[in-house]
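S.K.: coordinates only, sequence not included:
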């Protein structure tokens, strides 16, 4: 069932959909994933166990492994049958995500993540670098266990995309580019590439045909781009507070995303003002951030960005037509709607 | 040919062996490795190319890929025939080594590496974290291209060992442990694990039998432990200057290695003095470092450490008996001797 939503109600209003309900069909498998994450693969010394406990005890939505598991169940024959390899692949997906968060926290000097102290804050930047490396290493061990060269290739590319995307973003701070292709590409590197690896690889592990594999990749890719656009939106609407981020923190760092780009490309008085706030780096002060957010909010930057997110959401939904109906496909479909209304 | 050396002449005297001569049998392959390192696997934007150029232009001995290539040639049938996979495996080995150096430089706040400015110094810690991640990602892509699950498993474990070893070392600073097993284990994690992965995997790619594979692993493992012990020795003899490190810099950081351990385990007057310098962290001052180095040098810590390194060197040489004589085996054999006399 697809819930049609108007731009007004989506991505801004509180969601009637609870992610927990949508993930019910993979609840047992997600518990196995959790066990796996907390058990140790490459080192079991007490301190390493404590360190990884700190990283994982904060929880997190486990959206990426859930999508991989649902994609696996939806594309399996018979439906709903998963192998142990699918669990490992789901674990791997979360390990890569978590590793990149740990390194991002070092890069952004973050103190809190998912309501818990970050490793860099609790111990040190140095230890956080190594912790991220260790998680990447654990991901490599999982990848090895899959013994599936195409899947190894896909995740290898994801790892590269994550770093290259972050490096490019770092270099693009305060750059007033209106290159939409580059914006979407950055969203692919930062976010969608890992989403797509999860949903596509699950189908590969099921030995699905090329149409299904490619459809599940398209689903993950479009969903991931949509997820990143909504993330950029939450920064402007201030609903990202639940993420532990202040409203406008992307803007304050000089990261120009869709809501600002829509204003900037108009080349009118408001766009000139916004451009000036960014160019002079006034946007990094509290007043400057507020002024920039006001311009974006009052200028319709939010509505246009919602519409953009919905276009990708629609493409994600359409991609699901390659697999037959099932409760798992329904969940994948409804996650698209949940995503458009998420506030964390 | 095995050059027998007395403890006095080895690991202290200038070497009559030039590494370049010993690597002659894999010269062409090492050039391919160099090309591969400088070409780009996951991202070819100008800045990423500049970044990786900075990392690789400083050169380095390329000892790890050379050992993998020599091991491949020595264990191939017919001798000397390598596949493209061996080149990729050699590249992968150097990528992992370089990635861990880039992250080590962040951890140690290092400014120079191989005579070049480090990434953290030239740009920032943040960019260095991402650069290391990118190199690890490139390594993952290489690993995927090998399409060899056992080799993937071996390198996955190496990645974990590298991080876990570094984390344990960080936690063990100023800890006066005399646990020799832990000391050797740390050398395995930090260094020998990657050496062994290179020599063992090259034999696996040649589809050698278990005896040869295991022998080549033993060679790399013992050589790696020996390499790390000599590294620890160079820190005390001061010959590590060529590495861009001041004499005693390990000691100053509270890293207790073999030369100090030999003194500490005697429980005499000198060992009490050394223990006090470490316990009070006086060892971190210039005078304290000098005093500690004097105690170790005059107390025979160097000679005993040379003898320890030679025991592992001997085991590395013995392991080579699993492969038939060839110019490649001769090189592997002579590299053991070079290592005992190396000063950088």
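M.R.: That came through fine. Note that the structure is predicted; figures quoted are calculated from it, not measured.

S.K.: what does the stretch 1-150 of chain A have sitting close to chain B?
M.R.: A:41-43, A:45, A:47-48, A:51, A:100, A:103, A:106-107, A:125-127, A:129-134, A:136-138, A:140-141, A:143-145, A:147, A:149 (Cβ under 8 Å from any Cβ of the partner chain). (C-beta placed from N, C-alpha, C; glycine too.)

S.K.: drop anything exposed from those.
M.R.: Buried members of the residues of the stretch 1-150 of chain A next to chain B, counted by 16 or more other Cβ atoms under 10 Å in any protein chain shown: A:41-43, A:48, A:51, A:100, A:103, A:106-107, A:125-127, A:129-134, A:136-138, A:140-141, A:143-145.

S.K.: residues near the nearest residue to residue A:117 once chain neighbours are set aside, how many?
M.R.: Leaving out its chain neighbours, the residue that sits closest to residue A:117 by Cβ to Cβ, 6 or more residues apart in numbering or on different chains is residue A:111, at 6.8 Å. Neighbours of residue A:111 under the rule other Cβ atoms under 10 Å in any protein chain shown: 12.

S.K.: residue A:111: what's it in contact with?
M.R.: By Cβ atoms under 8 Å, 6 or more residues apart in numbering or on different chains, the contact list for residue A:111 reads A:117, A:118, A:121.

S.K.: which strand residues bridge the first one?
M.R.: Taking DSSP bridges, one finds residue A:112 as the beta-bridge partners of residue A:117.

S.K.: quick one: it and residue A:56, what's the gap?
M.R.: 14 Å (Cβ to Cβ, to the nearest Å).

S.K.: higher neighbour count, the two?
M.R.: Neighbours around residue A:117 and residue A:56, counted as other Cβ under 10 Å, are more numerous at residue A:56. The numbers are 18 against 14.

S.K.: wait, that one sits on residue A:98?
M.R.: Yes - judged on Cβ atoms under 8 Å, residue A:56 makes contact with residue A:98 at a distance of 7.3 Å.

S.K.: which residues do the two both contact?
M.R.: Both residue A:56 and residue A:98 are contacted by residue A:37, under the criterion Cβ under 8 Å, 6+ apart.

S.K.: avg pLDDT for stretch A:73-86?
M.R.: Stretch A:73-86 shows a mean pLDDT of 92 in the predicted model.

S.K.: show the end-to-end separation of that stretch, please.
M.R.: 9 Å (Cα to Cα, to the nearest Å).

S.K.: give me the contact list for it.
M.R.: Stretch A:73-86 is contacted from outside by A:25-26, A:29, A:68-69, A:72, A:145-146, A:148, A:202-203, A:205-206, A:208, A:212, A:216, A:323-324, A:326, A:328-329, A:331-332, using Cβ under 8 Å, 6+ apart.

S.K.: SS state for residue A:250?
M.R.: Secondary structure for residue A:250, judged by DSSP: H, G, I helix; E, B strand; the rest coil, is helix.

S.K.: out of the contacts of residue A:111, which one has the weakest pLDDT?
M.R.: Ranking those by pLDDT, residue A:117 lands last with 84.

S.K.: where's the nearest residue to residue A:233 once chain neighbours are set aside, which helix or strand?
M.R.: Setting aside the residues directly before and after it, residue A:233 is nearest to residue A:305 in space (Cβ to Cβ, 6+ apart), at 5.0 Å. Taking DSSP states H and E as the definition, residue A:305 sits inside helix A:301-319.

S.K.: now do the same contact list for residue A:284.
M.R.: If you count contacts by Cβ under 8 Å, 6+ apart, residue A:284 has them with A:252, A:253, A:254.

S.K.: hmm, the first one is touching residue A:283, no?
M.R.: Spelled out, that is residue A:252. Yes - with contact defined as Cβ under 8 Å, residue A:252 counts as touching residue A:283 (6.2 Å).

S.K.: and stretch A:184-201, which residues are buried?
M.R.: A:184-201.

S.K.: which residues in the stretch 201-344 of chain A form helices?
M.R.: Using DSSP state H, counting those that start in this stretch, the helices of the stretch 201-344 of chain A run over A:210-237, A:249-252, A:258-264, A:269-279, A:286-298, A:301-319, A:327-341.

S.K.: thanks a lot, catch you later.
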